[in-house]
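Trainee: here's a sequence, model it:
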Amino acid sequence: MLPNIQRTLAVTARAACVMVVAFFSTPGHGAEVHVLSAAAMQSVFKDIRDEFQRTSGYRLILHYGTIGAVNEWAMGGEEADLVISSSQSMPSLVYQGKIQAGSQTAICQTGIGVVVAAGIELDVTSVEDFKRALLAAKAIVYADPARGGAAGIQVAKIIEQLGLNEQLRPKLRLAAGGDITEVTVSLGPTALGITQISEIADKPQARLAGPLPEELQNYTVFVAGVPADAPQSGGVTALLKFLRSPTAIAVIRAKGMEDFGSDGGSE
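Mentor: The predicted structure follows:
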C-alpha cells in the first residue's frame, strides 16, 4: 500500500475513534444516572423525570423499593450512582461504609395519610375519628412492616397503641410498599389504606381522606447519599441541583410533601 494512502487511513481511523469516544462520553448520548430510591419518591420522579433528562442530557434509571429494601440493596453492594433513603437509615449506611460521609442531602419530607376510593367521605381529623374509621372499614391496607416500609412500621405501632390488634386482624391487608393506594381502590368503597401522602396524591380513582392525627403522625425525611464506591458523577450533581430547582419544588409540594427550599439540606 502506498505510504500516502497508509497515512490517510491511519488519520481517518484515529478521527473515527475520537468521534466514537466523544459520542459515548457526551451526556446527550446515553450517559445514565442510576438511583435506588424509596418508593414514596416515585410520584415526584414520575413528573420531573422527562424535564431532568431533557435539560441535563442524562438518562435517569430508577429502582424503587421500601426504605428497608433500599437499605438492603445498598448494604448488598448493588451498583448505583445515588441512594435515596431516610434520615433514620442514612447514618447507619455511612457508619458501615456504604455511603460516603458528608455526601448526604435532604430532599423533602412526607407524613402518613388515609386513602379511600374517590367520592368517599371519611373524617380522620382526631384520634377518635380515625379509630372509628378503622373499626367501620371492611378492609384496611398498609405496607407489610416486615419489608421495612416506614409507613407500614408506623401503622402497625398505631394499631397496637390503640389496642385494636384483635378487632382489626381479620380485615388487615398487607401490601408491598408503593401500591397501597391501588390495592385499596381495588377493594372497593368500604376499604381504607394508610400510606405516605406522596403515594396518594394525583391518583384520580383515589381520595386523600386526610393526614393522620398529629398525635399518631410520623414524618419521613428523604435523604440522598452517594455510595462509597461510586465514581464522581456529573449526573448526580445535576440531579441534586435539579431536585432543588423551582420545577422540582413545585412538584414536591403538589404531591403533598414538604421541600427544604432551593438551598436543600444536609444531614
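
Trainee: use CA for all of it now, contacts and neighbours both
Mentor: OK.

Trainee: count of neighbours near residue 54?
Mentor: 11 (other C-alpha atoms under 10 Å).

Trainee: ok, which stretches of this structure are helices?
Mentor: Remark: helices of the chain, listed N- to C-terminal, are 3-25, 42-56, 67-75, 90-95, 127-136, 150-161, 165-168, 180-186, 234-242, 246-254; assignment by DSSP state H.

Trainee: dump those helices to JSON lines, plus mean pLDDT and distance to residue 218.
Mentor: Shown next, in JSON lines, are these (pLDDT from 0 to 100; distance: least, C-alpha to C-alpha, whole Å):
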{"stretch": "helix 3-25", "mean pLDDT": "38", "distance to residue 218": "44"}
{"stretch": "helix 42-56", "mean pLDDT": "96", "distance to residue 218": "19"}
{"stretch": "helix 67-75", "mean pLDDT": "94", "distance to residue 218": "15"}
{"stretch": "helix 90-95", "mean pLDDT": "96", "distance to residue 218": "17"}
{"stretch": "helix 127-136", "mean pLDDT": "98", "distance to residue 218": "14"}
{"stretch": "helix 150-161", "mean pLDDT": "94", "distance to residue 218": "7"}
{"stretch": "helix 165-168", "mean pLDDT": "96", "distance to residue 218": "20"}
{"stretch": "helix 180-186", "mean pLDDT": "95", "distance to residue 218": "17"}
{"stretch": "helix 234-242", "mean pLDDT": "97", "distance to residue 218": "25"}
{"stretch": "helix 246-254", "mean pLDDT": "96", "distance to residue 218": "18"}
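
Trainee: can you put the ones you listed in TSV and add distance to residue 203?
Mentor: Formatted as TSV, the helices of the chain follow (distance: least, C-alpha to C-alpha, whole Å):
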stretch	distance to residue 203
helix 3-25	38
helix 42-56	10
helix 67-75	22
helix 90-95	30
helix 127-136	21
helix 150-161	19
helix 165-168	27
helix 180-186	8
helix 234-242	24
helix 246-254	12
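
Trainee: what's near enough to touch residue 206?
Mentor: Taking C-alpha atoms under 8 Å, 6 or more residues apart in numbering as the criterion, residue 206 is in contact with 115-118, 181, 185, 200.

Trainee: what about residue 71, distance to residue 160?
Mentor: To residue 160, residue 71 is 26 Å away according to C-alpha to C-alpha, to the nearest Å.

Trainee: more neighbours: those two, which one.
Mentor: residue 71 (25 against 12).

Trainee: mind listing what that one touches?
Mentor: Residue 71 neighbours (C-alpha under 8 Å, 6+ apart): 85, 89, 93.

Trainee: by neighbours, which of those residues wins?
Mentor: When neighbours are counted by other C-alpha under 10 Å, residue 85 leads the contacts of residue 71 with 30 neighbours.
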